[in-house]
Each structure stands twice: as structure tokens, then as C-alpha cells.
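S.K.: sequence plus predicted model, see below.
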There are 2 protein chains.
Amino acid sequence: MPELLDSAIDDELRAFFAEAHVRAGPYGGHYAALWESIEQQSSGGKRVRPRLVWSAYRGFGGDDRGLATRVALAFELLHTAFLIHDDLIDRDLVRRGAPNVAGRFAARALEHGADERASAVWGETAAVLAGDLALSRAHRELAMLPVERACREALLDILDRAVFISAAGELSDVVSSLRGTTPAIESVLATLEQKTAVYSFEAPLAAGAVLAGAGEESVAALCRFGRLVGVAFQITDDVLGVFGDPVVTGKSSSADLREGKRTALIAHAATTPSWALISDRLGDPALDEAEAEAIREELVRCGALDAAVALADEHVTLARHELDAADLPGGLRAELGDFAQRAVERVR
Amino acid sequence: MPELLDSAIDDELRAFFAEAHVRAGPYGGHYAALWESIEQQSSGGKRVRPRLVWSAYRGFGGDDRGLATRVALAFELLHTAFLIHDDLIDRDLVRRGAPNVAGRFAARALEHGADERASAVWGETAAVLAGDLALSRAHRELAMLPVERACREALLDILDRAVFISAAGELSDVVSSLRGTTPAIESVLATLEQKTAVYSFEAPLAAGAVLAGAGEESVAALCRFGRLVGVAFQITDDVLGVFGDPVVTGKSSSADLREGKRTALIAHAATTPSWALISDRLGDPALDEAEAEAIREELVRCGALDAAVALADEHVTLARHELDAADLPGGLRAELGDFAQRAVERVR
């Protein structure tokens, strides 16, 4: 079933980008290339958000695949927009091992004879605009949805909340990364929830449920479940970022350490005697593989790895409690329970 | 009458930001400061777009001030979003003589002990997010408008077109600024139309008219009028940017020359024998006042100033022809005719 949805989303995205490409034609090759770069950025993902929209929608008895696909598309494009603007903020030129929007346009500038400064400006410009276009389309997709006004406005409220809270989370992620400060676990978890869990888990689940006409209490339970499972997912992702197989995760297992990323893992380490050793080397862009390995060993020794895994498990347990306590259709409860379990099992 | 609208817009903006401020509270002081910086960025403008929405709406007999104010607000916030992201692309930290969003957050970072690099990242992050939030609100304002579906979707189409074409214009502005290339007048005019005239003039006029229930042909005529008058406005702004009184324009009359901004003025100069002299010094960040004055004199001597003024006049004449040829209410025709005239009279 999810595979069917994936292909529906892919078809919808393809149709949208084909139309945008035609529409961009009169504005020149660079603009067409910008749209191609948005399309490239929106492909290759795991379609977590569309699947959650679809699970909740179908779980509450929804059967209009076309409608669900459009709502799913809105959240997938919101995700695309956030990825693009997040990379811009992080000054990254690569995502999932390939040049991202900014990387592609920086290279394009060089091909057109630009110097290094102009190349950087082309890249940033493309990233700003690509994110704005994807974000605008996410809004439009819901605003034009052919459903009753109350339903559409409830979906728009979900989107509004997702945008509002993600921005808060992104800002807090950046401001809390000041070197020399010690990350606290509470603030790491709050940032994960705001920056990722709300827009990626809570909002798609709530949107699918609302679209199917679910009651307020059920939607609220799905929201709580989504936030908890989203945090569990993100803690697990961060653990895999340091301890995972680069072939599976698609990125160097030393990148997060070089960047000094503030994760649950690191926040726990900061409460242990190992912190002096770890913090001394963490966030050094010149960190080599042997030094990264030394930090990894220290993270295991001080108990940070176990603590992070346990924290993720705890969030999944709480998430499953939400499912059990709520008045949800049985099939949906089972499906989401499995989904929560898989969130943390990747690490074992 | 415009003054009444201005205060309605100011009231609406104030109410919106007061609500956002309360809502941002739980997410900490930095997020509240981000909202303050969006509010600051949205104040002090000339409210050109709200006035155009209102003129067209009232001109076609619209009398629901609350509704018109919300549509006007959408276009004002779209403008705020574009200003913020435009400054980000241009790496500007100042607008209208005061620190902009990025400038405020870069300073805030330094107060919090950040180094120069972190300060730049805070500034960029704030600008990315502030623009996203303002853009999202522009979409939401129209999406939630309590009008018939056909009317709301027509308004959303106008917004969609404005976003799509402005992005094309912004991109073409950046890519055409490669040093060493010669600006062509056709491409300068196309960029002005795409980057500014469509979202600032065409779209607000069309939106006001559609909201009042105007017919398709009248709306199309207003769109053509808006694009022409928007280009005339922008040519005039660019002339004032080089020859205007800095006290009136609010910026140094050498800034555009130092930046090497591609304007109609410069594109005309590029077709004259003076170009070698001008292009030699244009776009040099170290240009001093005496050198800027020498460029200004050369721009007068080679006829570029007269040509740009004539080009703006020509666009106003064409714009007024559109008004005369269309079936528009008499009061609206007169009001927009005066508006077009004032667009170019500022330069005399």
C-alpha cells in the first residue's frame, strides 16, 4: 500500500514539475534550471511525510486517493523547502551525497565565467528562491484543496503551526550552537521537537486525520504521538550520524562530530567526566578519522550512546501509550505502533 | 481616503504582530526578537501595494473595508518577505538607513558573545526565516479569506503568478550582474517587470479588482497598466538612485554606482561612446564621491539620463493608453492616471 502511495506522490510531483518547467520556459534557461534543481531536491527522499498523511487518512476511513495525494504533496514540498533553506543556513553545498540547489547553481555560475564570489551569490540566490517557491506551493496545494471550508481551514491551521514552530526550532538550533556553551538535554529535545517532529510527524498525521474527518480528541492524540515519535526518530538519526554505517546513512560518520552538532548524545556526554576530553575536540573542522574514532569511543565509555538509545526507546514507549490511551481505529493503532518501533530499531 | 487605508493596514499589521509576539513567547527571546525584526521591516514603507488594492477595489464599487484590508495586508507581507530575502541575496545589512533583519541579528549575536562568523550565520538565519514567515502569512491571508471559492481561488492565482514571476526576475537580476558583461536595455526592462512590476503593481491592482467582482477584460487591462506603470516607477527610482537627493531617497547617490547596478540608465550608456569611460569605474566598491560625480556627469553628457527619463515617460503614456482603451469606472481611470503621472514626476 505505501508503495502505491509513493508512486502516486512521484506522479504528482512529476506532473507539477513538468508544468512548472513549461511555465518557466519564457523566463530563460537559468529559471528552468532552478526548477530542475527543486525537482532534484524533492526526489530521493524516504517519503516519510506522505506515508504518515496516508496512514492517518486511510486509518480513519478516507478513500479519496487524489485528495490525500495533494495533502501529502503539500507536506513533501514543505519538507523540500525546509531542506533547501536549512542547507542555505548551514552553508552546505551537498545533500545525500550530491550537489544541492546551491551547489548546482554555484557550479553553473563557474561554467558561465563567474568568479568565486559571484558563484557563491548564484548558489545562495538559487537556494533562497527555490525554498520560497517550494514553500509557496505547499501553501497553495492546501489553499486550493476542493474540500469544505472548515476542513480546508483546519488543514491550513496545521500548516501554519508547522511553519511557525519549525522556524522557532531552526532559530534555536542555530543560536544554541555558539561554541563554548554546553548543550543541555532539555534544550536539545525541545529543538528536535520544534525543528523536525512537528512538521515531519505531527502535522502530516494530523492533516491526514482531519482530511478523513477524525474527531478532535483523536487528532490531538495523533499530534502527541507524532511529536514523541518524531523526537525518537531524530535522536536515532543523530546516533546513526555518529555510529552508523556511512554506506547506509549516506554521510560520513565524522561529519556531525566535525560540525559539533548538538545532539542528545552530546548533551548526555556533557554531564559526564568525559566531557572535557570530548568538548576539546568536538566541532573542529580539521578533525581526522582517528580523532573522530577517539570521540566515538569516549561517547561509548561515558554512557552517552546507551543513554541516547534509552532516551529514544523511552519516547517510543510514551508514543505507544498515546496510541493505547486514544480512541483510534485498530488498524491505524497497529500500523503506527509498528512505525514507532521501526523508528528506533534501526540502531540495533 | 488613502490615509484612512494606511491606518487600517497599520492597525491590522500591529494586531498581527502583537498576536505573533504572544505566540512566539514560549519559544524564547530570540524568536520574539525575530518577529520584532519582521515587524520593523514591514513598517516605514510607502504602502504602495495596499493603496493599489484599495484603489482598484473601491474603484469597482467594493465597500467591505475589512476584506480589502486583509488582501492589502497579504501583498504588503509579500513585499516584506521579498525585501528581506532580496537583502539576504545582496548581503545587505541595512535598509532605509537602519539595520535590517540580518543586521539586527548579526548585532544580537555579537551581544551574545558570538564571533564574526557566527554573527553572520545568525544574521542569515534570521533573514531566511523572517522571509519564510512573512511569505507564509501572505499566502495564509488570502487562503483564509471569507469569500466565495471562485473569488478566493482567483486571488490565489494572482499571488501564485506574482511569486513565480518575481522569483524569475530576482534570479535574472542576479545572473545578469556578472561583471564584464554589457547590460542590454531589453533585458533590464524585462527584469524590472518581472522582479518588481508584477508583484508590486499588477498583482495588487488585479487583486483589488477581482475582490470587487470586476470583469476579466477590466482586470486584464489593469494588469497591463500595472506592469507598464511599475516599469516606469522602477526606471524613475533607478534614476533617483543616481541623481536624486540622498535626503529624499534615503540612500547615498553613489551606492548604485558602486554596486554596478544594471539599470535602464546604465544600459543606455552602454550603447554610447561614453561606455568605455563609465564601465571602467562602474561597480567598483571603492568608488569615491569625486569618481561617482564623474560618472554622473558622463551619464548626462552621453544622453543616458535624458533617455531614461524619456523611457519612463513613454511607459506612463502607454499605461494611460491602457486606461483609456479599457472599460473602467471613470473615477478609477482618473485616479490611476494621476498615480501614473506621479510615478515619473518625482524626477523633475
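M.R.: Done, it's in. Numbering: from 1, shown residues only, chains lettered A, B, ... in the order given.

S.K.: could you check the pLDDT of residue A:101?
M.R.: Residue A:101 is assigned a pLDDT of 97 by the prediction.

S.K.: and it, what does it touch?
M.R.: A:34, A:37-38, A:40-41, A:84, A:87, A:123, A:126-127, A:130 (C-beta atoms under 8 Å, 6 or more residues apart in numbering or on different chains). The C-beta positions use only the backbone N, C-alpha and C, and glycine is treated the same way.

S.K.: how far away is it from residue B:136?
M.R.: Distance from residue A:101 to residue B:136, counting by C-beta to C-beta, to the nearest Å: 19 Å.

S.K.: what about residue A:102, helix or strand, and which?
M.R.: For residue A:102, the host element (DSSP states H and E) is helix A:101-111.

S.K.: and that helix, what's buried?
M.R.: Neighbour-count burial for helix A:101-111 flags A:101-106, A:108-109 (criterion: 16 or more other C-beta atoms under 10 Å in any protein chain shown).

S.K.: establish whether stretch A:18-35 and chain B are in contact.
M.R.: Yes: using C-beta under 8 Å from any C-beta of the partner chain, stretch A:18-35 reaches chain B at A:23-24, A:27-28, A:30-31, A:34.

S.K.: just checking, what packs against the stretch of helix or strand residue A:340 belongs to?
M.R.: If you go by DSSP H and E, residue A:340 is part of helix A:330-345. With contacts defined as 3 or more C-beta pairs under 8 Å, 6 or more residues apart in numbering or on different chains; DSSP states H and E, the packing partners of helix A:330-345 are helix A:48-59, helix A:216-243, helix A:304-325.

S.K.: hey, which of those helices is tucked in deepest?
M.R.: Highest mean neighbour count of the helices and strands packed on helix A:330-345: helix A:48-59, a mean of 26 (counted as mean count of other C-beta atoms under 10 Å in any protein chain shown).

S.K.: need the helices for the stretch 101-250 of chain A, in chain order.
M.R.: Secondary structure of the stretch 101-250 of chain A (DSSP state H, counting those that start in this stretch): helices at A:101-111, A:116-143, A:149-175, A:185-192, A:203-211, A:216-243, A:246-249.

S.K.: weakest of these by average pLDDT?
M.R.: What stands lowest among these, in mean pLDDT terms, is helix A:246-249, with a mean of 69.

S.K.: model confidence for the residue of chain A most remote from its centre, exactly?
M.R.: In chain A, residue A:113 marks the outermost C-alpha relative to the chain mean, sitting 35.1 Å out by C-alpha atoms, centre = their mean. pLDDT for residue A:113: 92.

S.K.: nearest spatial neighbour of it, chain-adjacent residues omitted?
M.R.: The shortest distance from residue A:113 to any non-neighbouring residue, by C-beta to C-beta, 6 or more residues apart in numbering or on different chains, is to residue B:178 (6.7 Å).

S.K.: surely the one you found and residue A:110 touch.
M.R.: No: contact criterion C-beta atoms under 8 Å: residue B:178 and residue A:110 do not qualify, at 11.2 Å.

S.K.: and the residue nearest to residue A:175 when sequence neighbours are not counted, what pLDDT?
M.R.: Distances taken as C-beta to C-beta, 6+ apart put residue B:30 closest to residue A:175, at 5.1 Å, once the chain neighbours are dropped. Per-residue pLDDT puts residue B:30 at 96.

S.K.: next, count neighbours for the spatially closest residue to residue A:219 that is not a sequence neighbour.
M.R.: Once flanking residues are discounted, residue A:219 sits nearest to residue A:209: 4.9 Å by C-beta to C-beta, 6+ apart. Neighbour count of residue A:209, defined by other C-beta atoms under 10 Å in any protein chain shown: 30.

S.K.: before we move on, what about residue A:277?
M.R.: Considering only other C-beta under 10 Å, residue A:277 is surrounded by 16 other residues.

S.K.: I'd guess residue A:62 is in a strand, am I close?
M.R.: No: under DSSP: H, G, I helix; E, B strand; the rest coil, residue A:62 sits outside any strand and is assigned coil.

S.K.: contacting residues around it?
M.R.: A:68, A:208, A:211-213.

S.K.: ok, residue A:174 - contacts?
M.R.: Residues counted as contacts of residue A:174 (C-beta under 8 Å, 6+ apart) are A:89, B:121-122, B:125.

S.K.: quickly list the domain ranges of chain A.
M.R.: Chain A breaks down by automatic domain parsing into domains covering A:1-52+A:67-146, A:148-348.

S.K.: in the stretch 201-348 of chain A, which residue sits closest to chain B?
M.R.: residue A:285 (11.2 Å; C-beta to the nearest C-beta).

S.K.: and that residue, helix, strand or coil?
M.R.: On the three-state scheme (three-state DSSP), residue A:285 is labelled coil.

S.K.: leaving out chain neighbours, which residue sits closest to it?
M.R.: residue A:258 (5.5 Å).

S.K.: isn't the one you found right up against residue A:288?
M.R.: No: the criterion here is C-beta under 8 Å, and residue A:258 misses it with residue A:288 at 9.5 Å.

S.K.: which of these two has more neighbours?
M.R.: Taking neighbours as other C-beta under 10 Å, residue A:258 and residue A:288 compare with residue A:258 leading, 18 against 11.

S.K.: quickly find the element holding the more buried one.
M.R.: helix A:255-259.

S.K.: what residue ranges in the stretch 201-348 of chain A score low on pLDDT?
M.R.: Scanning the stretch 201-348 of chain A for pLDDT under 70 picks out A:247-251, A:348.

S.K.: enumerate the residues of it near chain B.
M.R.: Looking at chain B, no residue of the stretch 201-348 of chain A is close enough under C-beta under 8 Å from any C-beta.

S.K.: hang on, the earlier thing: between the helices of the stretch 101-250 of chain A, which gets nearest to residue A:57?
M.R.: Residue A:57 lies closest, by C-beta to C-beta, to one member of these: helix A:203-211, at 3.8 Å.

S.K.: who are the packing partners of the closest one?
M.R.: Short answer (3+ C-beta pairs under 8 Å, 6+ apart): helix A:203-211 packs on helix A:48-59, helix A:65-90, helix A:149-175, helix A:216-243.

S.K.: so residue A:108 makes contact with residue A:33?
M.R.: Yes: using C-beta under 8 Å, residue A:108 is in contact with residue A:33, at 6.5 Å.
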